[in-house]
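Colleague: Fold the following for me, if possible:
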Amino acid sequence: QVQLVESGGGLVQPGGSLRLSCAASGFTLDYYAIGWFRQAPGKEREGVSCISSSDGSTYYTDSVKGRFTISRDGAKNTVYLQMNSLKPEDTAVYYCNAKRGVNLYWGQGTQVTVSS
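Modeller: Just a heads-up that it's a prediction; the model follows:
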């Protein structure tokens, strides 16, 4: 069964850190481009970061540059999003997706809340 599962969300104070995980089953993540997205209440889903399947190149939206880092662990079939210096405006449900050709898979999301 093909599945993507996000984990690692939670409640953190401003300035804190979280590491989100996107774990795959039923397929090999290394062959897929992986994206992290987020959706805050009342807002559209936005792209946060992505990593290519070919050369490992990465992309970050401007609001998270220098604070978030995306990485792969092929042995664990997992992609991570390390989030540092979190701000209240980072509060959202975070989703990962995996894309290869016409195949596109989404996870169910994990809630991140940044609040004092």
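
Colleague: only C-alpha atoms for contact and neighbour calcs from this point on.
Modeller: Noted.

Colleague: Quick check: which element contains residue 105?
Modeller: Per DSSP states H and E, residue 105 falls inside strand 103-106.

Colleague: Within its sheet, name the partner strands of that strand and how each one runs.
Modeller: Strand pairing for strand 103-106, using DSSP bridges, gives strand 92-100 (antiparallel).

Colleague: Tell me who's in contact with the nearest residue to residue 69 once chain neighbours are set aside.
Modeller: Excluding its sequence neighbours, the residue lying closest to residue 69 (Cα to Cα, 6 or more residues apart in numbering) is residue 82, at 5.0 Å. Contact analysis of residue 82 by Cα atoms under 8 Å, 6 or more residues apart in numbering lists 17, 18, 19, 20, 68, 69, 70.

Colleague: What pLDDT does the model give the residue nearest to residue 93 when sequence neighbours are not counted?
Modeller: Closest residue to residue 93 apart from its sequence neighbours, by Cα to Cα, 6+ apart: residue 111 at 4.3 Å. Residue 111 is assigned a predicted lDDT (pLDDT) of 98.

Colleague: All set now, cheers.
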